[in-house]
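Novice: Got a sequence here, can you build the structure:
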Amino acid sequence: MTPFFRKIRKHLADANKPIKYLRYAIGEIVLVVIGILIALSINNWNEQRKSRLQEVNILTKLNTDLKANLIEIEGLKDITEKRIKASQTILNYFEEHKAIDDSLKHSFELINNDDLFNNANTTYKYIENQGVNILRNDSIRSKITSMYERHFKNIANRENTNWKILTDDLRPLMDVHLEVSEPQDKNFNEEYALNKPINMETLSENMQFKNVIVRNMNFMLLRLRWQKETLEELDGLIKEVELEIQYLNK
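Specialist: Residues are numbered from 1 along each chain as shown. Predicted structure coming up:
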């Protein structure tokens, strides 16, 4: 391409001998500038393409992590709802002086168990190390930071509080007032070992035990509200990231 332009330029310069060399020099400069601009344009296009591919790769991995966290929190929400219902069942049995049955035993087992949030954050840590500006979409960048630094951390903090209530308050009282029976399912697939009150009348009148049940239930109601809010925002973020991936792939 460049030799072709040079031939045209030389021919035009030869048509007017007095300014032949001036035209030739100017033409050389113009050709060099054009060549540099073309090279820069190609280089910028390649860099933008590489950057876009890298961002798509990061967002794809991040979306996988976000979906894993969505499943985790949905599981925690399900457990929280069951524990709230179990707490209310126990309080109803106390209030109505009902006899011990399997429903009550299961309820004692449910309030004594919980799960942990396994935060999938490998890609987010990578983004932190590289700098959040590696993601060009301001909205997504802000929401990702809020999700990991606010929502997920709050879920973890509430888990720590919950486990403190379980280990420091509830379980010591359960060890005194309940006995554990053999599990109905030896493989622990569905039924766990069952907690049975040693003396239902005494337990139902134990204000300390009831207070712990009520306090734990109130805490779980707050925890459930945060889980629901997180799930709603997380679902929206996942959809937004997927749209951004589609846009970058165009």
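
Novice: Quick test: name the residue nearest the centre of the protein.
Specialist: Central residue of the chain (CA atoms, centre = their mean): Leu66, 4.1 Å from the mean position.

Novice: which element is that one on?
Specialist: Assessed by DSSP states H and E, Leu66 sits inside helix 20-96.

Novice: Give the next helix or strand downstream of that helix.
Specialist: Remark: after helix 20-96, the chain's next helix or strand is helix 102-111, criterion DSSP H and E.

Novice: quick one: buried residues of stretch 76-95?
Specialist: 76-77, 79-80, 82-84, 86-87, 89-91, 93-94 (16 or more other CB atoms under 10 Å). C-beta coordinates here come from the backbone N, C-alpha and C atoms, glycine included.

Novice: which outside residues touch it?
Specialist: Residues from elsewhere that reach stretch 76-95 (CB atoms under 8 Å, 6 or more residues apart in numbering): 98, 103-104, 106-111, 113-115, 117, 155, 200, 203-204, 210, 213-214, 216-217, 220-221, 223-224, 227-228, 231.

Novice: Kindly provide the distance from Glu74 to Gln227.
Specialist: Glu74 sits 9 Å away from Gln227, taking CB to CB, to the nearest Å as the criterion.

Novice: more crowded one of the two?
Specialist: Gln227 (24 against 12; other CB atoms under 10 Å).

Novice: The more buried one: what's it in contact with?
Specialist: 73, 76-77, 80, 155.

Novice: For the residue lying closest to it once chain neighbours are set aside, give its distance to Arg158.
Specialist: What sits nearest to Gln227 in space, not counting adjacent residues and going by CB to CB, 6 or more residues apart in numbering, is Lys77, at 4.5 Å. Distance of Lys77 to Arg158, computed by CB to CB: 12 Å.

Novice: what do you get for Leu173?
Specialist: For Leu173, the distance to Arg158 equals 22 Å [CB to CB].

Novice: which one of the two has more residues nearby?
Specialist: Ranked by neighbour count (other CB under 10 Å), Leu173 and Arg158 place Arg158 first, with 20 against 16.

Novice: is it true that the more buried one touches Trp226?
Specialist: Yes - the pair formed by Arg158 and Trp226 meets the contact definition of CB atoms under 8 Å, at 6.6 Å.

Novice: Low-confidence stretches in the protein?
Specialist: For the chain, the stretches flagged by pLDDT under 70 are 1-25, 27-28, 31, 39-49, 182-193.
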